[in-house]
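Asker: Pasting the sequence and the predicted coordinates here, then a few questions.
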Amino acid sequence: MSTTSSNGLLLTSMSGRHDDMEAGSAKTEEHSDHEELQHDPDDPFDIDNTKNASVESLRRWRSAALVLNASRRFRYTLDLNKEENYDNRRRMIRAHAQVIRAALLFKLAGEQQLAFGSSSTPATSTGNFDIDLEKLVSMTRNQNMSNLQQYGGVKGVAEKLKSNLEQGIEEDEKKVIDRKSAFGSNTYPKKKGKNFFMFLWEAWQDLTLIILIIAAITSLALGIKTEGLKEGWLDGGSIAFAVLLVIIVTAVSDYRQSLQFQNLNDEKRNIQLEVMRGGRTVKISIYDVVVGDVIPLRIGDQVPADGVLISGHSLAIDESSMTGESKIVHKDQKSPFLMSGCKVADGVGNMLVTGVGINTEWGLLMASISEDTGEETPLQVRLNGLATFIGIVGLSVALVVLVALLVRYFTGTTQDASGATQFIKGTTSVSDIVDDCVKIFTIAVTIVVVAVPEGLPLAVTLTLAYSMRKMMADKALVRRLSACETMGSATTICSDKTGTLTLNQMTVVETYAGGAKMDVADNPSGLHPNLVALISEGVAQNTTGNVFHPKDGGEVEISGSPTEKAILSWAYKLGMKFDTIRSESAIIHAFPFNSEKKRGGVAVLRGDSEVFIHWKGAAEIVLACCTQYMDSNGTLQSIDSQKEFFRLAIDAMAKNSLRCVAIACRTQELNKVPKEQEDLDKWALPEDELTLLAIVGIKDPCRPGVREAVRICTSAGVKVRMVTGDNLQTAKAIALECGILSSDTDAVEPTIIEGKVFRELSEKEREQVAKKITVMGRSSPNDKLLLVQALRKNGDVVAVTGDGTNDAPALHEADIGLSMGISGTEVAKESSDIIILDDNFASVVKVVRWGRSVYANIQKFIQFQLTVNVAALIINVVAAMSSGDVPLKAVQLLWVNLIMDTLGALALATEPPTDHLMHRTPVGRREPLITNIMWRNLLVQSFYQVAVLLVLNFAGLTILGLNHENHAHAVEVKNTMIFNAFVMCQIFNEFNARKPDEMNVFRGVSKNPLFIAIVGVTFILQILIVTFLGKFAHTVRLGWQLWLASIVIGLVSWPLAILGKLIPVPKTPMSVYFKKPFRKYKASRNA
């Protein structure tokens, strides 16, 4: 194990430096010796980013950590055997699905209790349905085509399930419940998490606590033997009680954290999806899907249940989550079976649900594995390094104290409370020697308990769990713990435009059709009926949206993506008869909208002879494929003379921040259309010689507050970049509106750039240009990935927003991937670290605040804990070496440990973020955990505490006027005073730790009631311990004068903190000075 490693103490930053927690009073200058700031490959705790860290590096830091309770310390870290266990379980389920399902059904029949609070609905009967559950399950699981044909194909199965392939099931709650009774619900029994007693079991497995329990039992036995039951049990009993209290408080804290993580996991699994019910598209939870539902599938969706394909175009499914083979399977009428849990890799389709919950292999798999919430975070790793470093120092000190006390004891130097020598050779009995040695050993072990900060790495988990819960309220669902803290280091955010910077509430406000601009965007009066008919057919067939006419004649309901809804609404106002068009013509092939090509198309068969191909997409791209346009008289005209007019129209709309979409079509001879389904699936839709029908300008207003959010980011040292698939002019207009671009003069290449231009640069050129890019228009997902890679190579910590399936590589590559909760696909969400639930950029800024808050809170806790560590160690070591006894007894130190580890962490780790956090530069990747300001604060406080308490220890009898009292009682009063003053110092210093760099440590304290409550509870418990638990805690009652003196000693820490903050600190981090000799030594050895 490397004791010369940085261990979190000796890490420095290469970018975004600052020297404080909240408001950077001193920005660290570039250090001349860059070598000092480099990554140290020999340090197992120096891991930049745990997101894609290798298993070897994760194993390495764990084996290097000094750990007293591995089951507790590593509880929230990644299960390194997770993938292997998952694969084994999946293979077993695939091989023995029927047996496992039978066992689960048997278990559920007894328990009637399913996850997420819903009662189990294993099928009891098939009710009014004409098909048996077991036959349905068997057909889907075995993918049995002959059975499907026997039932009359997918249409026959739908009829037996009383479902309609176009309308779905009826929207009737009673009938939905009947389906759940007949075929089960789409839930599965969740593996039960650990109960409270398991956490109790884990908490007491701490090596030092076990040794203390043994010491307590030994002390109890010897005490009863020598002093009788009435008095003899107190020493051992008090230690045992203190240990029990530590175990209970630890277990309660850990149990609460576990419940928080469980709730967040439940939220992650609760996918919202669209289904067809009664002809209407409705959004429901994945848990509410029932057999018979008709579900539309699009790229990036998760298949929510087992089912059969109704119809689809270019539908490709990634079945790797179930089969383990990473190959894409194409689905059509020859291979129509769909497995729950798989992802749609390409194309579109509709499915009929035939199996849900534990009647699917995915349900069986989910029921048999427990959710792994574990994951390392860089801060967690570094804190384990820091804990290891402090632990080694603490163990060394404890060993020195143990040896010193034993030497003093056996040389006859140690005296008891009455002043008598404790050990006299040949006189002292073996029983007394063992008793005294147990007490000495207990003191040494207790020093280890206080010195080894087991709670330090867990403070990260506590802070992150608290932050995750609060971030949910701020519309951010954290999928990966490390993202919380990494977001505090983000130096740039690459944001999408649509829905993130804008409202995603689209309306068509301008239209060019018939070769001219329409006076009113949706008034068809000036257009020829043939032109309106072609536009209507193109919009109705080339869409993934839907138009629903309620039977009661209510307002029409339009569903689909925001762009689709806007265009469908516009066409509906033009006179489009959605259902009629769909019934009169049929789609024979489709090319779903593709973010690479920026367009999508369909081939439509009218009657038996006519084939029309309709395209819709980015205006300038579709326009480039057009050779003619249809004028207002319904006549086809060559586009050559009008092409410039249309280009200028697109530019004018783009400059007004409108999204431009063109609609075009062409005819296709029937004999050129492939006849066989296999050939048809491979057919590339013709996209040349198109006829332009219309160009629409869609308004998507900027989100309110987005300009302010961008300003906050900029002032916080975080550069906001816009990466969009829209026209460069539209992107520029929105960027100016949002404040991403400050003026027109900034809008020159490469500040604004097209994706195509960027991707054609060499890798070196991309790295140079990436620094300057503010807006990228007409970008493909691959351009976004290239930009992220270039920025990261330049040393930036990159956050990226994405919503599409193709964004997954960029989300995965970025330091923090942010997917969109409303518009994002399931594939994008699974590749991301945080889901922005309201798709709002302002929520991204809140995540940055929380990220910085996590880091700041951890540093506050470190400062508080190290002050206690340093003071307690020095006081006990000096006292033990000089007098052979320690003023702070085992029980007292266990109480201090409880204040320090659990209550202190809870109070300081739950400080809410302040605006102050956004007034400084980002936290650097190698920012030292203990900054120079922290060193100054903790040294000032610990030296004050040590000085005062050592003066009390050596001259306390005189200062407190106790010289003329009974010596044993006087020593007890003095030691109680030392203990009381020490605890008061910690209570008051907890306020100082809140604002390490500010004079006013009380600012915002009223906004954290938990902090006030914990400080209040600590103070009350201290009064109870000193006043009523004297025999347990080795204390005596103190008069009001000594209580006042104790409070004044603690109170002095406040003005002292203000004076301390006037002491200037060097700009170069202390870590550089610590590291230099180790580097020189290493270099000399390697020479």
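Answerer: Yes, it's here. None of the values given here were measured: they were computed from a predicted structure.

Asker: For the residue most central in space within the chain, give me its contacts.
Answerer: Closest to where the C-alpha atoms of the chain average out (CA atoms, centre = their mean) is Val478, at 2.8 Å. For Val478, the contacting residues are 264, 464, 467-468, 471, 484, 833-834, by CB atoms under 8 Å, 6 or more residues apart in numbering. Every C-beta, even on glycine, is put in place using the N, C-alpha and C of the backbone.

Asker: quick one: the helices in the stretch 801-950 of the chain?
Answerer: Along the stretch 801-950 of the chain, the segments classed as helices by DSSP state H, counting those that start in this stretch run 808-813, 826-831, 841-883, 890-898, 904-909, 932-959.

Asker: Also the stretch 601-750 of the chain?
Answerer: Going by DSSP H, counting those that start in this stretch, the stretch 601-750 of the chain shows helices at 619-624, 643-655, 677-682, 706-715, 728-738.

Asker: worst average pLDDT in those helices?
Answerer: For the helices of the stretch 601-750 of the chain, mean pLDDT drops lowest on helix 677-682, to a mean of 81.

Asker: which parts of it are buried?
Answerer: Asp681 (16 or more other CB atoms under 10 Å).

Asker: And stretch 743-762, by the same measure?
Answerer: The neighbour-count check on stretch 743-762 (16+ other CB under 10 Å) flags 747, 750-755, 757-758, 761 as buried.

Asker: Among those residues, which are located in helices?
Answerer: 755, 757-758 (DSSP state H).

Asker: and which of these is nearest Lys889?
Answerer: Phe758 (67.9 Å; CB to CB).

Asker: roughly how far apart are the closest one and Lys655?
Answerer: According to CB to CB, to the nearest Å, Phe758 and Lys655 sit 22 Å apart.

Asker: can you check Phe129 too?
Answerer: Separation of Phe129 from Lys655 (CB to CB) stands at 59 Å.

Asker: Could you check which of the two is surrounded by more residues?
Answerer: Taking other CB atoms under 10 Å, Phe129 and Lys655 do not tie; Phe129 has more neighbours (19 against 13).

Asker: Quick check, that one in contact with Lys162.
Answerer: Yes. Counting by CB atoms under 8 Å, Lys162 is a contact partner of Phe129 at 6.4 Å.

Asker: Next, format the helices of the stretch 801-950 of the chain as JSON lines and append mean neighbour count and distance to Gly526.
Answerer: Shown next, in JSON lines, are these (neighbours: other CB atoms under 10 Å; distance: least, CB to CB, whole Å):
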{"stretch": "helix 808-813", "mean neighbour count": "22", "distance to Gly526": "44"}
{"stretch": "helix 826-831", "mean neighbour count": "22", "distance to Gly526": "42"}
{"stretch": "helix 841-883", "mean neighbour count": "24", "distance to Gly526": "40"}
{"stretch": "helix 890-898", "mean neighbour count": "24", "distance to Gly526": "81"}
{"stretch": "helix 904-909", "mean neighbour count": "25", "distance to Gly526": "66"}
{"stretch": "helix 932-959", "mean neighbour count": "19", "distance to Gly526": "71"}
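
Asker: So for Arg703, which of these sits nearest?
Answerer: Distance to Arg703, taken as CB to CB, is lowest for helix 841-883 among the helices of the stretch 801-950 of the chain, at 6.6 Å.

Asker: residues in contact with Ala305?
Answerer: Shown in contact with Ala305 (CB under 8 Å, 6+ apart): 186, 289, 291, 293, 295, 340, 353-356, 360.

Asker: Surely Asp522 and Glu510 touch.
Answerer: No. Assessed by CB under 8 Å, Asp522 is found out of contact with Glu510, at 10.5 Å.

Asker: show me what contacts Cys437?
Answerer: Applying CB under 8 Å, 6+ apart, the residues near Cys437 are 406, 409.

Asker: before we move on, back to that, and the residue nearest to the residue nearest to the centre of the chain when sequence neighbours are not counted, what's its pLDDT?
Answerer: Leaving aside its sequence neighbours, Val478 sits nearest to Met468 (CB to CB, 6 or more residues apart in numbering; 4.6 Å). We note a pLDDT of 81 for Met468 in this prediction.

Asker: Point to the helix or strand of the chain where mean pLDDT is at its lowest.
Answerer: Using mean pLDDT, DSSP states H and E, the weakest-scoring helix or strand in the chain turns out to be helix 70-73, at a mean of 57.

Asker: If anything else comes up later, I'll come back, but that's it for now.
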